[in-house]
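Trainee: Build me a structure from this.
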Amino acid sequence: MSDNYKIDDDKKKYDLRGKNIVVTGATSGIGLAAIKAFISSGAFVIGVGRSVERNEKAKAEIISMFPQAKIEYLLANLESQAQVKSLSKTIIDLLGQKGENHLDGLVNNAGTYLEKKQLTEDGIEKTFAVNHLAPFILTQNLLQMLMNAEHGRVIAVSSYSHYTTPLCLSRITNPWPYISLMAYKRSKLCDVLFTYALNRRYDHLEAFAVDPGLVNTSIASKGSQGISHWVWRSRRKKGTPPETPAKTILYLCAEDEINTTQGFYFKDCKPKVSSRKSRRKDLADDLWDLSCKLTELSWD
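Mentor: Now for the predicted structure:
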């Protein structure tokens with residue numbers, strides 16, 4: 001392991017040798033910081049990005065910091081259900097080539113924020129498709145690999161913006177009127193609902209949602225030169241570095257025993273009470289049923 005990148009000298013160090021981790025949205029921001037944290041702890045990491053160039057640049061940066069890094073990058077555009085399903089198969093095949101039948105951590109970090117409404121090739125509003133349906137598909141397709149691990153963990157990077165957010169599932173796939181911030185907040189509420197649903201349904205699996213706080217990343221600036229871009233460019237300067245939430249992601253994947261008596265929503269390595277709506281079983285079940293219908297997947 002390299003000493004060039006340290007999570008925090010006064011925090012517990014983890015030995016993740018023999019562990020396999022997948023991180024989406026892995027070429028910058030929180031995803032890239034999380035990968036460095038996992039690599040520094042000895043894990044084999046599969047990063048997922050949507051650009052060949054950005055994948056290669058991120059991998060080169062990691063190897064320059066950790067010459068012995070066990071890292072692979074895969075290409076996928078997570079707005080496409082077909083590509084997410086193909087990605088799942090590629091991950092399973094890649095692990096199989098290394099003689100591995102288990103996945104210790106799936107970090108569903110990739111997210112998007114769109115100023116104007118866009119529909120995917122599947123006819124679904126893109127924010128909901130990328131931020132919720134892609135993790136739903138990827139988790140389902142990798143479920144057996146996660147269940148094979150001693151402590152299989154699914155991590156959703158959510159947001160404090162999920163609080164006080166209305167959720168009308170009948171209009172979520174093509175909302176009108178479209179308000180970018182509301183679309184983003186709804187998708188992050190779905191992340192927490194999905195997290196709680198996974199924990200209710202599966203005993204040999206643990207799912208957590210991470211509140212990263214205000215982080216200095218470019219999420220609201222990608223692909224947009226509108227008002228969201230200009231507002232976020234100023235606001236992000238007040239945020240913490242991506243390494244801060246990366247510590248929580250590492251903790252949730254690496255810690256053997258995590259106290260969940262206060263729930264499955266964490267910030268700064270500590271439990272935090274998520275919104276009342278995010279803990280509603282009936283709403284989580286309705287979202288689950290809708291997601292199964294939209295993705296043509298069965299979890300039975």
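Trainee: so how many other residues sit close to L205?
Mentor: Number of residues near L205 (other Cβ atoms under 10 Å) recorded here: 17. Every C-beta, even on glycine, is put in place using the N, C-alpha and C of the backbone.
Trainee: Without its sequence neighbours, what residue ends up closest to it?
Mentor: The shortest distance from L205 to any non-neighbouring residue, by Cβ to Cβ, 6 or more residues apart in numbering, is to G152 (5.0 Å).
Trainee: What count of nearby residues applies to the one you found?
Mentor: Neighbours of G152 (other Cβ under 10 Å): 23.
Trainee: Report the contact partners of it.
Mentor: 102-105, 145-146, 204-206 (Cβ atoms under 8 Å, 6 or more residues apart in numbering).
Trainee: And these, which of them are buried?
Mentor: 102-105, 145-146, 205-206 (16 or more other Cβ atoms under 10 Å).
Trainee: Find the centremost residue of this protein, please.
Mentor: N108 (1.9 Å; Cα atoms, centre = their mean).
Trainee: where does it fall, phi/psi-wise?
Mentor: phi -80, psi 80 (degrees, to the nearest 10).
Trainee: is it true that it touches L138?
Mentor: Yes - counting by Cβ atoms under 8 Å, L138 is a contact partner of N108 at 6.7 Å.
Trainee: Give me the common contacts of those two.
Mentor: Common neighbours of N108 and L138 are listed as T24 (criterion: Cβ under 8 Å, 6+ apart).
Trainee: remind me which residues of the chain are low pLDDT?
Mentor: 1-11, 216-239 (pLDDT under 70).
Trainee: Cross the buried ones among the contacts of G152 against helices and list the overlap.
Mentor: 145-146 (DSSP state H).
Trainee: can you redo the buried ones among the contacts of G152 as TSV with distance to W176?
Mentor: Below are the buried ones among the contacts of G152 laid out as TSV (distance: Cβ to Cβ, whole Å):
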residue	distance to W176
H102	44
L103	38
D104	41
G105	37
M145	39
L146	37
L205	36
E206	37
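Trainee: Please flag which of the buried ones among the contacts of G152 sit within strands.
Mentor: In strands, judged by DSSP state E, the following of the buried ones among the contacts of G152 are found: 105, 206.
Trainee: For E61, state which of the buried ones among the contacts of G152 is nearest.
Mentor: Nearest to E61 out of the buried ones among the contacts of G152 is G105 (Cβ to Cβ; 21.0 Å).
Trainee: isn't that closest one right next to Y14, touching?
Mentor: No - between G105 and Y14 there is no contact under Cβ under 8 Å: 11.5 Å.
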